[in-house]
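Undergrad: turn this into a model:
(2 chains)
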Protein chains: 2
Amino acid sequence: MRKSIFFHAGCSVCVNVEHDIVNLIGDDKVEVVHLGDNKSGIGESDAAGVKSVPALVMPNGNVLHINFGASMAEG
Amino acid sequence: MRKSIFFHAGCSVCVNVEHDIVNLIGDDKVEVVHLGDNKSGIGESDAAGVKSVPALVMPNGNVLHINFGASMAEG
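TA: Numbering: from 1, shown residues only, chains lettered A, B, ... in the order given. Alright, predicted model coming up:
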């Protein structure tokens, strides 16, 4: 099974959601990309249709925007 | 392990997210409550801190508001 990818930007909302998501689905099934530390991830998240962080991109390509930390437009 | 509870209201956003969440975490680990069909669920979701649907209430009590279907204020 392909992994889901969790994009976040280090904000407190993001970090809390990250812990919840990892607990929920298991850290072997989700790759975490910190867009603050990993600028190349921004192209990847844009391509995936991520509009705000934190967001989870699923193996089928659907994007779940979870709670609301920051808009990608602020990046 | 306690189950997570997925609250939704039957909107198209909700139904799509429901499928994703069930695929992601497994239908044995999540209880789905349709607030349109189950009015008593509204008190339960309010008590859990659900502000909009669809939302996933985790076993630890944290609430993940996913994408955005409808505000509970519209109920």
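Undergrad: show the average pLDDT along stretch A:60-75.
TA: Stretch A:60-75 shows an average pLDDT of 86 in the prediction.
Undergrad: list the buried residues in it.
TA: Under the neighbour-count criterion of 16 or more other Cβ atoms under 10 Å in any protein chain shown, stretch A:60-75 has A:N62, A:V63, A:L64, A:H65, A:I66, A:N67, A:G69, A:A70, A:M72 buried. Glycine gets a C-beta too; all of them are placed from N, C-alpha and C.
Undergrad: my read: the fifth one touches B:N62, true?
TA: So the one you mean is A:I66. No - with contact defined as Cβ atoms under 8 Å, A:I66 does not count as touching B:N62 (10.7 Å).
Undergrad: quick one, phi psi at A:V57?
TA: Note on A:V57: its backbone torsions stand at phi -100, psi 120 [degrees, to the nearest 10].
Undergrad: repeat that for A:V53.
TA: Dihedral angles (degrees, to the nearest 10) for A:V53: phi -120, psi 150.
Undergrad: how much space between it and chain B?
TA: 13 Å (Cβ to the nearest Cβ, to the nearest Å).
Undergrad: what about the strands in chain A?
TA: A:4-8, A:30-34, A:52-57, A:63-71 (DSSP state E).
Undergrad: would you tell me which of these gets closest to A:D20?
TA: With Cβ to Cβ as the criterion, A:D20 lies closest to strand A:63-71 of the strands of chain A, at 8.5 Å.
Undergrad: quickly check: the closest one near chain B or not.
TA: Yes - shown here: strand A:63-71 in contact with chain B (Cβ under 8 Å from any Cβ of the partner chain) through A:L64, A:H65, A:I66, A:N67, A:F68.
Undergrad: can you give the contact residues for that strand?
TA: A:8-9, A:11-14, A:17, A:21, A:48-58, B:17, B:20-21, B:64-68 (Cβ atoms under 8 Å, 6 or more residues apart in numbering or on different chains).
Undergrad: what subset of those is buried?
TA: A:8-9, A:13-14, A:17, A:21, A:48, A:50, A:52-58, B:17, B:20-21, B:64-68.
Undergrad: many thanks, have a good one.
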